[in-house]
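Undergrad: Here is my input; please provide its structure:
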Amino acid sequence: MAPSPARTALPSAREQLAAIGRAAPAADFEAALRSSGLSPLRPLALEVLQVNVGKLCNQTCRHCHVDAGPDRTEEMMDEATARACVDALLRTQAKTLDITGGAPELNPHFRMLVVEARKLGCHVIDRCNLTILESGSQRGLAEFLAEQQVEVVCSLPHYRRLNTDRQRGDGVYEKSIRALTRLNALGYGVPGSGLELTLVTNPVGAFLPPAQPSLEAEWRRELLREHGIQFNRLFTITNMPIARYLKWLGDQRQPRGVPGARGGGLQPCRRSWRHVPDHGLGGLGWAPLRLRLQPDAGAGL
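TA: Numbering: from 1, shown residues only. Next comes the predicted model:
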């Protein structure tokens, strides 16, 4: 695989917010919620604890909104913080641990987090970039995930080589297909196995994705036909216009190219709001912290 492109300096958070404001001057999140009768937003009991264990990654993708890469070795969750996350699971009674990064598997405490969460009876999700399963430093990783019955949520830009390698670097598609084939061989994505394999795709460009149901049917057909690959479901997401992706929009002379912003992209829906993934989710970053828990354990952090 060709080496990933080097990270370049990004505008500050303040400069990024100003750029987004210029791209979508009329966007008003609070007003959209009020007009839909959804304001103020109120948290539910904590159901999912999402933990970002660091910014170290074996890839440098141009759309990455956390600016992860192989050189982010200092921004890693330490063991004490990882164990505090396990304690938070126990005390809040959250049912799911969702581990992300970077490439979360590169954190030396990743497997400890998985094992301890499973001991508590939690469902565990690994946000996997697929190529990490082909890394020599991660021998036995796929087998470990299967043994622990971890749901693998895999990011793959497209079912075609050109679009995937264009976003992530030469050779990423081939490694991703090998990793998916390996996961299938372990039972992932196979009906009745109990091993969940979820694919996540995001647009390769400054536009919104097509409708999810039709895209899932297309991916299911093409991956099975071309590679014999099965999966449980496909999620479509849009790139957050921050960090590398915001810089890319500017480099492409699309300063107004924040997808959906100028056309009133926020469309709240009362009927579906409870099914928004983040509604019962609490997030923790990699940095050392002291967790303060609400007296009523089910209420959250």
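Undergrad: Find the nearest non-adjacent residue to the residue nearest the centre of the chain, please.
TA: Geometric centre of the chain, nearest residue: Arg127, 5.5 Å, by CA atoms, centre = their mean. In space, and not counting its chain neighbours, Arg127 is closest to Thr100: 4.0 Å by CB to CB, 6 or more residues apart in numbering. Quick note: C-beta positions are derived from backbone N, CA and C, even for glycine.
Undergrad: Quick check: the gap between that neighbour and Leu90.
TA: According to CB to CB, to the nearest Å, Thr100 stands 20 Å off from Leu90.
Undergrad: Rounded mean pLDDT for the helix or strand hosting the residue nearest to the centre of the chain, please.
TA: Per DSSP states H and E, Arg127 falls inside strand 123-128. Here strand 123-128 scores 97 as its mean pLDDT.
Undergrad: what do you get for stretch 55-65?
TA: 77.
Undergrad: Adjust the sequence numbering to begin at 5 for everything that follows.
TA: In the new numbering, first residue 5, that becomes stretch 59-69.
Undergrad: and the helix or strand harbouring Thr185, what other elements does it pack with?
TA: Following DSSP H and E, one finds Thr185 within helix 176-189. Counting contacts by 3 or more CB pairs under 8 Å, 6 or more residues apart in numbering; DSSP states H and E, helix 176-189 packs against helix 145-151, strand 155-159, helix 165-172, strand 201-205, helix 216-231.
Undergrad: and those as TSV, adding mean pLDDT?
TA: Shown next, in TSV, are the helices and strands packed on helix 176-189 (pLDDT from 0 to 100):
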stretch	mean pLDDT
helix 145-151	98
strand 155-159	96
helix 165-172	86
strand 201-205	96
helix 216-231	96
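Undergrad: Would you reformat these as JSON lines and include distance to Ala35 and mean neighbour count?
TA: Shown next, in JSON lines, are the helices and strands packed on helix 176-189 (distance: least, CB to CB, whole Å; neighbours: other CB atoms under 10 Å):
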{"stretch": "helix 145-151", "distance to Ala35": "43", "mean neighbour count": "17"}
{"stretch": "strand 155-159", "distance to Ala35": "33", "mean neighbour count": "22"}
{"stretch": "helix 165-172", "distance to Ala35": "34", "mean neighbour count": "19"}
{"stretch": "strand 201-205", "distance to Ala35": "30", "mean neighbour count": "21"}
{"stretch": "helix 216-231", "distance to Ala35": "27", "mean neighbour count": "14"}
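Undergrad: any chance of these in JSON lines, plus distance to Val70?
TA: Formatted as JSON lines, these follow (distance: least, CB to CB, whole Å):
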{"stretch": "helix 145-151", "distance to Val70": "21"}
{"stretch": "strand 155-159", "distance to Val70": "13"}
{"stretch": "helix 165-172", "distance to Val70": "15"}
{"stretch": "strand 201-205", "distance to Val70": "15"}
{"stretch": "helix 216-231", "distance to Val70": "24"}
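Undergrad: Ok, which of these comes nearest Ala23?
TA: Minimum separation from Ala23 across the helices and strands packed on helix 176-189 (CB to CB) falls at helix 165-172, 21.2 Å.
Undergrad: between that closest one and strand 155-159, how many degrees?
TA: 90 degrees (axes from the mean of the first three to the mean of the last three CA atoms, to 10 degrees).
Undergrad: So what touches stretch 73-82?
TA: 8, 11, 55-64, 89, 106, 111-113, 290-292 (CB atoms under 8 Å, 6 or more residues apart in numbering).
Undergrad: And that stretch, what's buried?
TA: Gly73, Pro74, Arg76, Glu79, Met80, Met81, Asp82 (16 or more other CB atoms under 10 Å).
Undergrad: Same question for stretch 177-194.
TA: Buried residues in stretch 177-194 (16+ other CB under 10 Å): 177, 179-181, 183-184, 186-188, 190, 192-194.
Undergrad: next one: stretch 106-118
TA: Gly106, Ala107, Pro108, Glu109, Leu110, Asn111, His113, Phe114, Leu117, Val118.
Undergrad: Extract the CA atoms of that stretch and return them as CSV.
TA: Output of stretch 106-118 as CSV, limited to C-alpha atoms (Å, rounded to 0.1, in the frame of the first residue of the first chain):
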residue,chain,number,x,y,z
GLY,A,106,-8.2,6.8,15.6
ALA,A,107,-7.9,3.1,15.1
PRO,A,108,-9.0,2.1,18.6
GLU,A,109,-7.4,-1.3,18.3
LEU,A,110,-3.9,0.4,18.4
ASN,A,111,-4.5,1.6,22.0
PRO,A,112,-2.7,-0.9,24.3
HIS,A,113,-5.7,-1.0,26.6
PHE,A,114,-8.3,-1.8,23.9
ARG,A,115,-8.5,-5.5,24.6
MET,A,116,-8.8,-4.9,28.4
LEU,A,117,-11.7,-2.6,27.7
VAL,A,118,-13.4,-5.2,25.6
